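# no sequence for this one, just the structure:
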């Protein structure tokens, strides 16, 4: 309580300063207003936050208008005047040069002129940033130096989606963005979360313009894979007036994007052991029989022997030995085994999403020493997907296969045939709706000659609603021939008669899955900051402030599943039947068409489908006379609470900027400490029993930060930084209740997850050393060495639980629970350049380039546990999502009415996630190298009108995965899934008047 009193006392002092500032305001003689020191007001068109008093040579002026007009970016110290595409790149370079922290930026021209639809895609060309998850026609996953937990802020304010701790950054359209700052290091006056760094997105405000401004942008995007045309449009109108009460401005900016896409994938299933063609006598096995894991004694953990039961542990890190002739004990007898896939499947997903968004800003400057801003930001999302899934088990052994091919020198099956193949085809429909709103009031007051006070009050609300409904069809096929890898990581498979896949009368109607979730979040946040600056002396600035944030989060869920209906699919209304075509565009030797339940019809007629299952469950047999099994469905669609969270975060900081001379050169420093105290109260409800669990977690830390900047030579800057940051657990990870999935793959146990209410924040000590050489007015080379020492990493710990009376097909579950059980180190280097030569001959003038390389190395200890969840040892692993090497390069041209960019990004293979601990393959799921080649062309028709052409993923790159752990596994013998990624082309028109 003493520490909280200190924070509240700081708030009282700052409140008095605010009152003093209000009394000291002086009315401008002309009624207008000029802010005396706007260097830390990025929303007013100035450089990045954190430039502080140690920054020199602040950049100012306008960037390019978005269609190639020759507006300028000017550095008062060097008189840099550039135009067109170069203006945006040099503007970002100036932000980097003038910042205290290590920052990379994209200015508005950058976002507008790259072929990007959202903020994530725009950031993929920033040094040290890696993006992934390019399905759905866009990039959706982002990491900074390999870490995925970047803090996302909007105009300096922390934002989130629904009940989560982070914001879906891809929901911010590039059309609304003025500038994006990517902080690799952090000062004491910045929010403490996000070990990866901070991504601060700035929207436009009316005082960014001198007067009236209007702009419009419309683009039509062709998605080649889905064969759809999609709109992308935005409009901005802004004006400011000088009145008797000061300057007043208002801005309205709106954007709408709609995308229809298609994702297609083919996947070879997980590996499990089988007997070979001549199993050893006494094992109880027949040729090529699948070897299921033997049960274990709950007291001793010893295997319980029985015919056909193998003494092997599913889900080990390295998987089972794949050397030729490898053996295991089955019924106590040693016998050779083979490793083969349990399934083969294809997914044909069609999706549609809409993103309406906008912001409104009102600004008032009553005099030369104060500015008030009121603004509202809205981000919406409307999406649905329909997945037509064709799934076949390849693990039955009666009769045994007639053809089995192994990879040379291994016991791994490359190709085989199978008989009496059980399979299903499902139609899965899901929908999602998100509405996020930020309301904010901000005031800035100058106090005396060097003082400033800033107050910011914001309110956020965010709601996400999802639904899911799916129906299965089942059958047993006569024969299936499969090659799990045809040489390019893509499987091949065919049935004895593929045409039966598309015939409704070949299928029986199976289970129904029907569930929905609602997640809500809200926050009230107050920032109060005060600072004072001096032009001379050792101490140049002192800054202090507080932040009070009160979060609330709630989650609700419902489930109404049912067992197999059993009727022939042809007896249902034809509107419930959907047949795809053209699957995988001929890039794989697989079936290209099959029938599935129509997800769109299921969603539109959900009540009728539910009633069909309810009626069937009321009798012993269905209308077709087939016995009903396990049909339990009611009309009760009541949402039950999953969790309710209230979290109060109180923080205070103090920070000082210094400067002294060493050999006649300035050494500038920034020293600060931030104290944060977080109380989290949770209330969780068990879905199965309805039992409520309550708890509280408190975490408090002092977080120091130090930054030094030295200029040993003109144009050369050396930066060193030490800081400490945190990563907080997601609210859902605190939930102690079970989420369970039945035994879907017949391994004798299901799977599930359980949260941990005692999770503590992960902490990191961060070290950075940067050297930058600005060797020409708009060219530079820069490099950074960095190291992150991370304590308390959350890792999954799995153990076997017996949970009866769940209604699922097993009582045994492998439950995965998060624990602060790992520590790790991430280290690496970044090298980047910006180069626009001025000495090129006339034919080549306008050419330039920008690029970067990132080298990473990560390692963390991973606990090894037994079936009871007890840690028995340790191993090491790379971090998820970390590529050892990545690079991007952009060639730019801007001269006269033409501007063009050709950009290429590439990242090395990386560990994406771990597989469920149910199988015999290596546990890690790796991605093959990812890449994208993009192009953008702008033609200026008039000073205000421009035309654009964009192309994304010109090479039609794929996304591919495989199993691997250390030296076990690999992309050839352990290939997993292949996803075709969309290529898009777009034509657009821009109009700008300001």
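That came through, no problem. Not measured: the values here are computed from a predicted model.

# Poorly predicted segments of this structure, please.
Scanning the chain for pLDDT under 70 picks out 1-85, 108-116, 618-636, 745-747, 867-869.

# burial of residue 491, as a residue count?
Using other Cβ atoms under 10 Å, residue 491 is surrounded by 25 other residues. C-betas here are computed from N, CA, C, even on glycine.

# Please apply the same query to residue 809.
The tally of other residues near residue 809 (other Cβ under 10 Å) stands at 11.

# Assign it to helix, strand or coil.
Taking DSSP: H, G, I helix; E, B strand; the rest coil as the rule, one finds residue 809 in the coil state.

# shift numbering so it begins at 408
Shifting the count to begin at 408 puts that one at residue 1216.

# does it really touch residue 1148, like I thought?
No - at 10.3 Å, residue 1216 and residue 1148 do not qualify as touching, with contact defined as Cβ atoms under 8 Å.

# so what sits against both of these two?
The contact sets of residue 1216 and residue 1148 overlap at residue 1157 (Cβ atoms under 8 Å, 6 or more residues apart in numbering).

# elements contacting the top strand by length along the chain?
In the chain, assigned by DSSP state E, the strand with the most residues is strand 820-854. The elements that strand 820-854 packs onto, with contact taken as 3 or more Cβ pairs under 8 Å, 6 or more residues apart in numbering; DSSP states H and E, are helix 409-430, strand 740-748, strand 777-800, strand 811-813, strand 858-890, strand 915-940, strand 1002-1004, helix 1006-1011.

# Nearest residue to residue 683 in space, please, no chain neighbours.
Nearest non-adjacent residue to residue 683, counting by Cβ to Cβ, 6 or more residues apart in numbering: residue 743, 4.9 Å away.

# Quick check: that neighbour touching residue 680?
No - counting by Cβ under 8 Å, residue 743 does not reach residue 680; the two are 10.0 Å apart.

# Neighbour count for these two, which is higher?
Here residue 743 and residue 680 are set side by side on neighbour count (other Cβ under 10 Å), and the busier one is residue 680, at 25 against 17.

# can you pull the contacts of the spatially most central residue of the chain?
For the chain, residue 548 is the residue whose C-alpha lies nearest the centre (Cα atoms, centre = their mean; 3.3 Å). Contacts were defined as Cβ under 8 Å, 6+ apart; by that measure residue 548 touches 527, 538-540, 555, 1288.

# again, 6 Å this time
Residue 548 makes contact with 539-540 under the criterion Cβ atoms under 6 Å, 6 or more residues apart in numbering.

# Repeat that for residue 1364.
For residue 1364, the set of contacting residues under the criterion of Cβ under 6 Å, 6+ apart consists of 1338, 1388.

# Apply 10 Å and report the result again.
Listed by Cβ atoms under 10 Å, 6 or more residues apart in numbering, the contact partners of residue 1364 are 541, 1313, 1335-1340, 1387-1388, 1390.

# Equivalent analysis for residue 925, please.
569-570, 840, 870-874, 961-965, 1046, 1048-1049.

# I believe residue 1205 is in a strand; please confirm or correct that.
Yes - under three-state DSSP, residue 1205 sits within a strand.

# That one against residue 1324, yeah?
Yes - using Cβ atoms under 10 Å, residue 1205 is in contact with residue 1324, at 5.0 Å.

# Spit out the residues that contact the two alike.
Common neighbours of residue 1205 and residue 1324, using Cβ under 10 Å, 6+ apart, are 722, 1158, 1221, 1223, 1272.

# what bridges to the last one?
By that I understand residue 1272. Legend: beta-bridge partners of residue 1272 under DSSP bridges are residue 1278.

# how near is it to residue 724?
11 Å (Cβ to Cβ, to the nearest Å).

# residues shared between the contacts of the two?
Shared contacts of residue 1272 and residue 724, defined by Cβ under 10 Å, 6+ apart, are found at residue 1324.

# hmm, back to that, can you tell me which of the helices and strands packed on strand 820-854 is nearest to residue 990?
Using Cβ to Cβ as the measure, strand 777-800 is the one of those that comes nearest residue 990, at 8.6 Å.

# so that closest one versus strand 740-748, what angle?
120 degrees (axes from the mean of the first three to the mean of the last three Cα atoms, to 10 degrees).

# what's the nearest residue to the residue of the chain positioned farthest from its centre if we skip its chain neighbours?
For the chain, the largest distance from the centre (Cα atoms, centre = their mean) belongs to residue 688, which lies 52.4 Å off. Among residues not flanking residue 688 along the chain, residue 740 sits closest, at 7.6 Å (Cβ to Cβ, 6+ apart).

# what pairs with the one you found across the strands?
residue 737.

# For residue 743 and residue 680, list the residues in contact with both.
Counting by Cβ under 10 Å, 6+ apart, the residues touching both residue 743 and residue 680 are 733, 735, 818.

# what kind of secondary structure is the second one in?
Translated: residue 735. Residue 735 falls in the strand class when you classify it by three-state DSSP.

# Can you report how many residues lie near it?
The criterion is other Cβ under 10 Å. On that basis, residue 735 has 18 neighbouring residues.

# and it, what is it in contact with?
So residue 735 contacts 680, 690, 698, 717-719, 727-728, 741-744, 1327 (Cβ under 10 Å, 6+ apart).
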